[in-house]
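>>> Structure here, sequence nowhere to be found:
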């Protein structure tokens, strides 16, 4: 230290001031103290190539789209500190990004070149003290691919601060963060223009060795003008507030009592010049468990959910208030993992604007396992009896979409409510600023099977994968009635030599009207399912297997029959290759719907390591469904090759997809190549 101080005379004064201000008791050795020190440099150099082409045929018209992108990037990270690592640590990195695009759409080709840069910096102060804090700034340009013609470079600029307060200054660990993020970008059919402000604080504490509690609060505001350029974009604002407290507490001499607590209060608001939606939630869920002995325990829980929704739209109802309460008290018994029994008494009270429902009942469930030398027998049974009362005033209840629903292409998603009025369905993006219509252009399909409603996304261009869905539900009111319900389930399985399993399941749901006259059917049902599953090892680590399943659903609204067959062959590793082949067949026949399933498909996968440091993955799959109103065919082929040696990696991927849906026909080819050298 003396040698260092002779070189820099003010060293003693500076050290004394910093020690007094920040309380350094152990600043480290003499070599750790310096005005500036570079502790490390790392980074990478990368080249990315993408070629993506697509041809679409629909109703006699043909469209071809293609994109070719080349990216060259250098990114260098530096790690350093000023004075001492526990005073100011700096992580700064950045580098240039060069992008060349060629986009072909509608017979026209367009070339673009961009000279961009990426930067990420973080300044961390007093990391080992009781009040560490940090500032960070990011300017990144990720590639966003939402469809073939929606692959573009997006610019995200984010700046923020983090703060932590801990012992000995505070007995409660407090972490806080606030940031602003600006996202921009555009393609031929999509524009991104978002501003996000968000702040959060979290307080965590341990109340003794076994008790913990956490308090959290977050507020955010999103101002967006993003959307599909083929539709009207209405700039909107999304405000959200979320506060919660959850805790876990153990009591008793042997910690036999456990109390878990969750309280959450939140609000969400969508606003634009012609639309306003406010949604407020309160959730309160205490849960108590009492372990009386090794085998016997009891539980007591209560759930309260309150919500209020206000909208300036008038689809049957503009304001909806809901209060849902439920309670359950029960006993659990288990014996050496072979026998488990549970019984409970429960009650619910649900009140929504124009609709009241009460129920009370009992339930019992049990499972039994009997193993022998080469045989395992399993039994399970459950029964629930409820007495229900309904008082319905409103004919419809409006449901506003506030939680995103994920829609995959050509996969039907069932909405959570029964008896939806499909004429009231409206689909929005997640900011509620852009509405998508079923026709024109056709971007989704609505199907009703019995009391259930399904939505199917038909393309990747007009409709995003994350959407909000508004609709109204038919209640069957005005009506007042009471009824009883009895639900039973029984299942059994027999496993031989761990390779052969026979199973059966039987479900019954029955309803009896006590007073009044319901206007919507209860849909009593009987479901029978049985099947066989085989996984048989053969010589040289070869395995064959499969499953056959048969199901029969008898009900009032949508009875059906289902058959499913799956088989596979797992070949042994030969010449460092491990191939697998599978075949699939499924038949579903709905008595009251034309949307049946008549599906056949196969797939083949190969994983190989032909040379050192090299891995190869190949997959081919085919699926055809001719049972519904639209014939569907999907063929997918993919090939991936990767070579890694120390810090150098090379990877190539190729994909081909052929899709047919009715008169819609699409062929897509994709080639990607990446070379990266880390240092």
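Structure received. Since the structure is predicted, the reported quantities are computational estimates derived from the model, not experimental observations. Numbering: from 1, shown residues only.
>>> Give me the below-cutoff pLDDT ranges for the stretch 451-600 of the chain.
The model of the stretch 451-600 of the chain has pLDDT under 70 over residues 459-461.
>>> Which residue ranges of it form strands?
452-457, 466-474, 479-496, 500-515, 525-537, 543-555, 560-570, 577-590, 597-608 (DSSP state E, counting those that start in this stretch).
>>> Relative to residue 436, which of those strands is closest?
strand 466-474 (7.4 Å; Cβ to Cβ). (Each C-beta comes from the backbone N, C-alpha and C, glycine too.)
>>> and the angle from that closest one to strand 452-457?
If you take axes from the mean of the first three to the mean of the last three Cα atoms, to 10 degrees, strand 466-474 sits at 150 degrees to strand 452-457.
>>> what sits opposite the closest residue to residue 409 other than its chain neighbours in the beta ladder?
Excluding its sequence neighbours, the residue lying closest to residue 409 (Cβ to Cβ, 6 or more residues apart in numbering) is residue 457, at 5.4 Å. Bridge pairing for residue 457 (DSSP bridges) gives the partners residue 409, residue 444.
>>> ok, back up a step: need the strands of the stretch 451-600 of the chain in TSV with mean neighbour count and distance to residue 143, can you?
As requested, the strands of the stretch 451-600 of the chain are arranged in TSV below (neighbours: other Cβ atoms under 10 Å; distance: least, Cβ to Cβ, whole Å):
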stretch	mean neighbour count	distance to residue 143
strand 452-457	20	23
strand 466-474	20	19
strand 479-496	16	48
strand 500-515	14	46
strand 525-537	15	42
strand 543-555	16	40
strand 560-570	17	36
strand 577-590	16	32
strand 597-608	16	27
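>>> Could I get the ones you listed in JSON lines, plus columns for distance to residue 85?
JSON lines is the format used below for the strands of the stretch 451-600 of the chain (distance: least, Cβ to Cβ, whole Å):
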{"stretch": "strand 452-457", "distance to residue 85": "51"}
{"stretch": "strand 466-474", "distance to residue 85": "42"}
{"stretch": "strand 479-496", "distance to residue 85": "58"}
{"stretch": "strand 500-515", "distance to residue 85": "59"}
{"stretch": "strand 525-537", "distance to residue 85": "55"}
{"stretch": "strand 543-555", "distance to residue 85": "54"}
{"stretch": "strand 560-570", "distance to residue 85": "52"}
{"stretch": "strand 577-590", "distance to residue 85": "47"}
{"stretch": "strand 597-608", "distance to residue 85": "44"}
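>>> can you tell me which of those comes nearest to residue 237?
That would be, of those and by Cβ to Cβ, strand 466-474, which comes in at 15.1 Å.
>>> one step back: how about the strands of the stretch 451-600 of the chain, which one is nearest residue 347?
strand 479-496 (13.9 Å).
>>> hmm, who's touching that closest one?
With Cβ atoms under 8 Å, 6 or more residues apart in numbering as the test, strand 479-496 has contacts from 361, 374-392, 501-519, 522.
>>> one step back: any idea how far the residue nearest to residue 409 is from residue 225?
24 Å (Cβ to Cβ, to the nearest Å).
>>> Surely residue 43 touches residue 75?
Yes. Contact criterion Cβ atoms under 8 Å: residue 43 and residue 75 qualify, at 5.0 Å.
>>> Show me the common contact partners of these two, please.
By Cβ under 8 Å, 6+ apart, the residues touching both residue 43 and residue 75 are 93, 95.
>>> Who has more neighbours out of those two?
residue 75 (19 against 16; other Cβ atoms under 10 Å).
>>> so how far is residue 648 from that one?
16 Å.
>>> What of residue 356?
68 Å.
>>> now residue 467
42 Å.
>>> Now do the lengthiest strand in the chain: which elements does it pack against?
Ranked by residue count, the top strand of the chain under DSSP state E comes out as strand 34-58. Contact partners of strand 34-58 among helices and strands, from 3 or more Cβ pairs under 8 Å, 6 or more residues apart in numbering; DSSP states H and E: strand 61-83, strand 664-678.
>>> so can I have JSON lines of those strands showing mean pLDDT and distance to residue 175?
Below are the helices and strands packed on strand 34-58 laid out as JSON lines (pLDDT from 0 to 100; distance: least, Cβ to Cβ, whole Å):
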{"stretch": "strand 61-83", "mean pLDDT": "89", "distance to residue 175": "22"}
{"stretch": "strand 664-678", "mean pLDDT": "89", "distance to residue 175": "31"}
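>>> Including distance to residue 279, could those go into JSON lines?
Listed next are the helices and strands packed on strand 34-58 as JSON lines, based on distance: least, Cβ to Cβ, whole Å:
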{"stretch": "strand 61-83", "distance to residue 279": "39"}
{"stretch": "strand 664-678", "distance to residue 279": "36"}
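>>> For the longest strand of the chain, which residues meet the burial criterion?
Within strand 34-58, the residues scored as buried using 16 or more other Cβ atoms under 10 Å are 43, 44, 45, 46, 48, 50, 51, 52, 53, 54, 56.
>>> how about the spatially most central residue of the chain, what does it touch?
By Cα atoms, centre = their mean, the chain has its centre lying nearest to residue 406, at 8.3 Å. By Cβ under 8 Å, 6+ apart, the contact list for residue 406 reads 413, 465, 466.
>>> give me that answer again for 7 Å
The contact partners of residue 406, by Cβ atoms under 7 Å, 6 or more residues apart in numbering, come to 465, 466.
>>> And for residue 581?
568, 569, 604.
>>> out of those residues, who's nearest residue 195?
Closest to residue 195, out of all of those and judged by Cβ to Cβ, is residue 604, at 47.6 Å.
>>> What are the boundaries of the helices in this protein?
Secondary structure of the chain, counting by DSSP state H: helices at 2-7, 11-22.
>>> For the first one, the averaged confidence score.
If I follow you right, that is helix 2-7. Averaged across helix 2-7, pLDDT comes to 39.
>>> pLDDT weak spots in this protein?
1-31, 59-60, 106, 145-151, 314-318, 438-442, 459-461.
>>> Domains in it, by residue range?
1-30, 524-679 (automatic domain parsing).
>>> gap between residue 334 and residue 340?
4 Å.
>>> and what of residue 254?
For residue 254, the distance to residue 340 - Cβ to Cβ - is 22 Å.
>>> When the two are compared, which one has more neighbours?
residue 340 (16 against 7).
>>> doesn't residue 365 make contact with the more buried one?
No. Between residue 340 and residue 365 there is no contact under Cβ atoms under 7 Å: 8.3 Å.
>>> Output the contacts of residue 581 in TSV, with distance to residue 352 appended to each entry.
As requested, the contacts of residue 581 are exported to TSV (distance: Cβ to Cβ, whole Å):
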residue	distance to residue 352
568	48
569	53
604	51
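>>> List just the nearest of those to residue 93.
residue 604 (42.7 Å).
>>> Quickly list what that closest one is bridged to.
With DSSP bridges as the rule, residue 604 is bridged to residue 581, residue 620.
>>> my guess is it meets residue 620, correct?
Yes. Using Cβ under 7 Å, residue 604 is in contact with residue 620, at 5.0 Å.
>>> can you pull the contacts of the residue nearest to residue 409?
Per Cβ under 7 Å, 6+ apart, neighbours of residue 457: 407, 408, 409, 444, 463.
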